[in-house]
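# Sharing a model that was predicted from the sequence below.
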Protein chains: 4
Amino acid sequence: MYFASDNGGPVPPQVLDRLATANAGHADAYGADALSQEVTARLRALFEAPEAEVFLVATGTAANVLALSTLCQPFQTVFCSPQAHIHMDECNAPEFFTGGAKLTLVPGSDRMSPDALRATILGEETRGVHGPQRGPVSLTQVTEYGNVYGLDDLRALTAVASEFGLPVHLDGARFANACVALGCTPAEMTWKAGVDVAVFGGTKNGLMGVEAVIFFDPAKAAAFGYRRKRGAQLFSKHRYLAAQMAAYLQDDLWRDLAERANARCAELVDGLKGIAEPRNDARANMLFAAMPRAVHKRLLAGGAQYHLWGDSLDGDGPDEMLTARLVCDWSLDPAAVKAFVDLARAG
Amino acid sequence: MYFASDNGGPVPPQVLDRLATANAGHADAYGADALSQEVTARLRALFEAPEAEVFLVATGTAANVLALSTLCQPFQTVFCSPQAHIHMDECNAPEFFTGGAKLTLVPGSDRMSPDALRATILGEETRGVHGPQRGPVSLTQVTEYGNVYGLDDLRALTAVASEFGLPVHLDGARFANACVALGCTPAEMTWKAGVDVAVFGGTKNGLMGVEAVIFFDPAKAAAFGYRRKRGAQLFSKHRYLAAQMAAYLQDDLWRDLAERANARCAELVDGLKGIAEPRNDARANMLFAAMPRAVHKRLLAGGAQYHLWGDSLDGDGPDEMLTARLVCDWSLDPAAVKAFVDLARAG
Amino acid sequence: MYFASDNGGPVPPQVLDRLATANAGHADAYGADALSQEVTARLRALFEAPEAEVFLVATGTAANVLALSTLCQPFQTVFCSPQAHIHMDECNAPEFFTGGAKLTLVPGSDRMSPDALRATILGEETRGVHGPQRGPVSLTQVTEYGNVYGLDDLRALTAVASEFGLPVHLDGARFANACVALGCTPAEMTWKAGVDVAVFGGTKNGLMGVEAVIFFDPAKAAAFGYRRKRGAQLFSKHRYLAAQMAAYLQDDLWRDLAERANARCAELVDGLKGIAEPRNDARANMLFAAMPRAVHKRLLAGGAQYHLWGDSLDGDGPDEMLTARLVCDWSLDPAAVKAFVDLARAG
Amino acid sequence: MYFASDNGGPVPPQVLDRLATANAGHADAYGADALSQEVTARLRALFEAPEAEVFLVATGTAANVLALSTLCQPFQTVFCSPQAHIHMDECNAPEFFTGGAKLTLVPGSDRMSPDALRATILGEETRGVHGPQRGPVSLTQVTEYGNVYGLDDLRALTAVASEFGLPVHLDGARFANACVALGCTPAEMTWKAGVDVAVFGGTKNGLMGVEAVIFFDPAKAAAFGYRRKRGAQLFSKHRYLAAQMAAYLQDDLWRDLAERANARCAELVDGLKGIAEPRNDARANMLFAAMPRAVHKRLLAGGAQYHLWGDSLDGDGPDEMLTARLVCDWSLDPAAVKAFVDLARAG
């Protein structure tokens, strides 16, 4: 009953197999090997973007901050939601990699509204050189609270960025989960919706640690290679990043894994009906749900693993509603979901 | 009728005279001259802090960000108000000089409340290495909206910082105006109130461009000298900074200048009673006041110089209340205040 | 006949096996898993340093620059050899991660002499705050030119650093190869020789991408965890770094792999006697050797893979001596060495 | 007998007078005042560059590093001489302001040779993304050792930069002294000789603290305004920088002051003939001269103020030749030069 994170599960056998296959003989270093080249071609094909520049890195933070650093001058500010991973959970990595750019929080929830975005951008423009200058817009899909932007939502947001000539970055740590939730293609969720640079995350969806950064306008990517090296993210034995990504792309494994994770989440939503109040849309692989303290105590005592979100188990009031963050990864056993639901209902 | 800024006025004759006096013969560079040494001693005396480390720089931004950079690790965050100059008006200089630290905004108004500060600090501590780590608290006295913290307010805020072992920086671009408003000593408003590093601003109060950064705990100042040099703020002809500060300290000129500016502001408050609604406490040298659009049109057409604050002169509705930011500097002629008031009332 | 790099070979089966074993069920993220804890304990044991702080990262550049950034203030300079990897091959990553520290090159060859080090350190101290301040000494073992410092050499160099109170960093991308060449323990080559922070490299010696950074004085490590996160090098699925390192430590695999690589290099030295002039000591796994242009042409035409070092194959003069950089990795087949030697001698 | 620095002298009365004149009434802040606009126009006229972008800052370090930061990406390297001020005397400010760029030293003396420059640039290009990328060339005129590049020298150096498409920065802390030594115009020494960005220094030549940064190609200046603000060098009371520069430009005061300083240096060269061996060309305002230890002892005991250059007064050997760095500023009394010479010859 592991719902603590989608970083906690194992990798599927295809990944280990592909690593083993890639492990034959000598291969040129730093991405000059054949497999790395092949992966680039396959990512271009998947995104229907033959001109795109593609880079692999090993952590989601690296993918985000290297991408932003190529889009953002140090005297600019990045527009993001108050719950964005780049703001909350990267220990100032965006400020570091951009050379000191600021993050301006667009008020509202994790799912940014076009009006709030426009108002915030307008708000950053009355002081000449004094305030931070307007920089990229960063969106997160799936959001940190497990919500999914519809394609219309994305297009409306990128249209606002366009009004001001600002580039758009998409933090896609859970890219596949969103694609599956929307039933759309990667192209539809990115460049066709106005995204300039997307992170196609693999780590939370079954890889050991690989993210692809995809620049749909190659001109914007000019500095990325240097910044990746200087950012200590150019892997000498690049074939092992490429092998993971190759497995991920093979027979749409990325989609298959995300379907599993999302399906578990849907089972959770169904199973908890009546006992839990959903706090997010839960269309992808995360359910934020409020349940009575007594239920949480029973679940956690019974071995369920998950985090409370801004609430504390301590305190009286067995009926007080506390919010759980329940994350499903591809490897989660349907039986574990059922056991969790049964335990929740056992009161 | 110049109320646009306290950066707009001339310097008093004492400053020019002291520059002329200091301009004799050769003097050692980089602060090794006798006058610079003397100014250090006098600042220590003024602040009743014989152990304090004292540094002169030429801009308020330099004073703030060099001070913060010695108090703050790059993986930490600075707690400040949403209206703080370091956040709004320094074009990411704090992020730059600290090597990428973040600024965390304490919700509320320009005058931070201890409860909001505590809640915000507590909010930055549930994610291990993931979020930014807690760093210094930065207070602004006088605030950007022209309000003055009482000594009790300051003590309550620094007490919160102390609970968490965080150092406190005081942005004192209008330090003298606040001291005069409170009728207190520099020591009472700084180290006696729990401030670790204070900026004793001169530029807005009659100098060409000098601010003193004062570390009450010399151990905290160890890196400042290097950071000042590396930050391009160590003046070779340091005597000309020292001369300005010497004039400022002589016969409490700093206090005299601030008394003038504050008195003009008080006259403005009095004069506008009934016609304007104050939006701040206006105890120092700035009045934020709402007046009908028609009044603004008359004033601005009549030659008054000031900025509207977040409002626009355009639009219909002569009775709509628009907020003016009226800043008085030491050099403002009482007759100009009277003329302004008369014009405002001329409708 | 692959001698182009020790980044080119595969990983040994033990590494793949250990990854597979580690790939069971859910595990806590970010290093909180049991295997990561176990690896820390085993590294402490291997280095006979029960108090040491140990961190895993994925690239050699990350290991070096994160280590240096914790030892070095941004207004200081790092003393290193002109051939150091941190100077030549990290695209300014040290400058970036330290926040702008300088690298001061100690004149001489890749193998720094204590006298040159002392003279260089002394040279950085006559200008007060004006010049960069003295910071850490960085040594590379094995050096970039394939030479090995003796333990006496290391002790003499760290003694110089000690004279000035400067910490010592050891870039150990080829740590194991040096240990094997010297027949010494990891402790003897590090803290017993005066090293403060060592990088225990795995990537060039058979891992996919893992380096351990070891702080022998835990007080010096306080900021590393935050800097690793902010540097985008904290792996969520940390168990896969740990698994590689666990395999590396099991039954001294690290030593076994290095013995193989060094043995191949020794065979190369022997085999090329008379035809090649060694340019380095070649005690570890790299031979720099001058051979006539005609020999190079034959080798490269015959399928050998390696780089010329500062020389060009173009040009006349079949007898002109050009220097090859021949790197042996653990996986190199003795038959490949023999084939190379035979081809070299075939003229 | 003050020859320690050209930062030690007073400012000429014209500067104080112009400050007093500028000190009337209110003026808009941050460079929007009329005098600042006028100074821009006059600098454009002086440099025969009507399109140039002109910025004032207060220190030479600020001028250099802000200029370089607009020309240089953080993954690039600046080519400069080993004696360059930016390398030796700015405490890593260039590394800081550029976000971590490197400085690559062109071997040779303070006066860079075109061949050495070309060879060094070529040397930085065999490692793809691994090494620092080629960035701007920085020249110093007058050099740190008091030598003057001829116009042919400058053109030859900028031609090398052009071969590689690299921009050229001129550190002109002693710009006026060089112009006078060469008998050329500012335009001839800058854009007509291939310089892209020049620092027109005022501080060492009689101002309190003002340097003009001049971009001959306005497209290259786009980010400078933001970088100046973020670098804490945008002066609110900008009129006092402008006033100093206005005085400097009036009736070619800058040239007059430099003529005086250079004349004093020439008198020194003449006066010391036979007793001192010049170590530099001494065409500007600095003489590096070797004299016997006994002569130094007599001079310093007699009240002369200057620095030995890399030598120590201690030690035996009254005849040992030690090098003095003798700097003449505009205010130096010819009688002081005569007194110095007489004292040197008094043995």
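Cool, the structure landed.

# Check the burial of the spatially closest residue to A:Gly25 that is not a sequence neighbour by counting its neighbours.
Nearest non-adjacent residue to A:Gly25, counting by C-beta to C-beta, 6 or more residues apart in numbering or on different chains: C:Pro10, 6.5 Å away. For the C-beta atoms, the positions are set from N, CA and C on the backbone; glycine is no exception. If you count neighbours by other C-beta atoms under 10 Å in any protein chain shown, C:Pro10 ends up with 22.

# count of neighbours near A:Ala243?
Neighbours of A:Ala243 (other C-beta under 10 Å): 27.

# tell me the mean pLDDT over whatever helix or strand it lives in?
Using DSSP states H and E, A:Ala243 sits in helix A:239-249. Taken as a whole, helix A:239-249 has a mean pLDDT of 98.

# cool, and stretch A:206-220?
97.

# Same question for it: list its buried residues.
By 16 or more other C-beta atoms under 10 Å in any protein chain shown, the buried positions in stretch A:206-220 come out as A:Gly206, A:Leu207, A:Met208, A:Gly209, A:Val210, A:Glu211, A:Ala212, A:Val213, A:Ile214, A:Phe215, A:Phe216, A:Lys220.

# got the contact list for the fifth one?
A:Val210 makes contact with A:Leu56, A:Val57, A:Ala58, A:Gly202, A:Thr203, A:Leu241, A:Gln244, A:Met245, A:Tyr248 under the criterion C-beta atoms under 8 Å, 6 or more residues apart in numbering or on different chains.

# wait, isn't the fourth one in contact with A:Ala246?
No. A:Gly202 lies out of contact with A:Ala246 (C-beta atoms under 8 Å); the separation is 10.9 Å.

# When the two are compared, which one has more neighbours?
Comparing A:Gly202 with A:Ala246 by other C-beta under 10 Å, the one with more neighbours is A:Gly202, at 32 against 23.

# Apart from its chain neighbours, what residue comes closest to that one?
Distance criterion C-beta to C-beta, 6+ apart; nearest residue to A:Gly202, sequence neighbours excluded, is A:Val210 at 4.5 Å.

# so A:Ala178 sits right up against A:Gly172, yeah?
Yes. Contact criterion C-beta under 8 Å: A:Ala178 and A:Gly172 qualify, at 7.3 Å.

# counting contacts, what elements does the helix or strand hosting A:Val160 pack onto?
In this structure, A:Val160 is located in helix A:151-163 according to DSSP H and E. Using 3 or more C-beta pairs under 8 Å, 6 or more residues apart in numbering or on different chains; DSSP states H and E, the elements in contact with helix A:151-163 are helix A:114-123, strand A:133-140, strand A:168-171, helix A:186-189.

# how close does the residue nearest the centre of chain A sit to chain D?
In chain A, the C-alpha nearest the mean C-alpha coordinate belongs to A:Ala173, at 2.0 Å (C-alpha atoms, centre = their mean). Relative to chain D, A:Ala173 is positioned 26 Å away (C-beta to the nearest C-beta, to the nearest Å).

# What does the pLDDT read for the residue lying closest to that residue once chain neighbours are set aside?
In this structure, A:Ala173 finds its nearest non-sequential neighbour in A:Gly201, 4.2 Å apart by C-beta to C-beta, 6+ apart. Looking at A:Gly201, its pLDDT is 98.

# what's near enough to touch A:Gly201?
Listed by C-beta under 8 Å, 6+ apart, the contact set of A:Gly201 reads A:Gly60, A:Ala63, A:Gly172, A:Ala173, A:Arg174, A:Phe175, A:Ala176, A:Glu211.

# sorry, back to before: more crowded one of A:Ala178 and A:Gly172?
More neighbours surround A:Gly172 than the other of A:Ala178 and A:Gly172, with 31 against 28 (other C-beta under 10 Å).

# Can you give me every residue that contacts that one?
Applying C-beta under 8 Å, 6+ apart to A:Gly172 gives the contacts A:Gln141, A:Ala178, A:Ala198, A:Val199, A:Phe200, A:Gly201.

# Surely the fifth one forms part of a strand?
Yes. According to DSSP: H, G, I helix; E, B strand; the rest coil, the state of A:Phe200 is that of a strand.

# and the gap between it and chain B?
Distance from A:Phe200 to chain B, by C-beta to the nearest C-beta: 22 Å.

# Can you report how many residues neighbour that residue?
By other C-beta under 10 Å, 28 other residues sit near A:Phe200.

# What's opposite it in the beta bridge?
Bridge pairing for A:Phe200 (DSSP bridges) gives the partners A:Ala212.

# That one against A:Leu43, yeah?
Yes. A:Phe200 is in contact with A:Leu43 according to C-beta under 8 Å; the separation is 7.2 Å.

# Between those two, which contacts overlap?
Common neighbours of A:Phe200 and A:Leu43 (C-beta under 8 Å, 6+ apart) are A:Ala212, A:Ile214.

# all strands of chain A, in order?
A:53-57, A:76-80, A:102-105, A:133-140, A:168-171, A:197-201, A:211-215, A:277-278, A:286-292, A:307-308, A:321-327 (DSSP state E).

# check contacts around A:Gly302.
By C-beta under 8 Å, 6+ apart, the residues touching A:Gly302 are A:Met1, A:Leu343.

# again but with A:Ala4, I slipped
By C-beta under 8 Å, 6+ apart, A:Ala4 lies in contact with A:Gln305, A:Tyr306, A:His307, A:Val327, C:His26, C:Asp28.

# which of these tops the neighbour count?
A:Val327 leads those on contacts (other C-beta under 10 Å) with 27 neighbours.

# what bridges to it?
For A:Val327, the beta-bridge assignment (DSSP bridges) gives partners A:Met286.

# just checking, A:Met1 touches A:Val341?
No. Judged on C-beta under 8 Å, A:Met1 makes no contact with A:Val341 at a distance of 9.9 Å.

# Turn the strands of chain A into a markdown table, columns for distance to D:Met112.
Output for those, formatted as a markdown table (distance: least, C-beta to C-beta, whole Å):
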| stretch | distance to D:Met112 |
| --- | --- |
| strand A:53-57 | 37 |
| strand A:76-80 | 35 |
| strand A:102-105 | 39 |
| strand A:133-140 | 36 |
| strand A:168-171 | 42 |
| strand A:197-201 | 40 |
| strand A:211-215 | 38 |
| strand A:277-278 | 69 |
| strand A:286-292 | 60 |
| strand A:307-308 | 60 |
| strand A:321-327 | 59 |
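
# out of those strands, which comes closest to B:Trp254?
B:Trp254 sits nearest to strand A:102-105 of all the strands of chain A, at 32.9 Å, using C-beta to C-beta.
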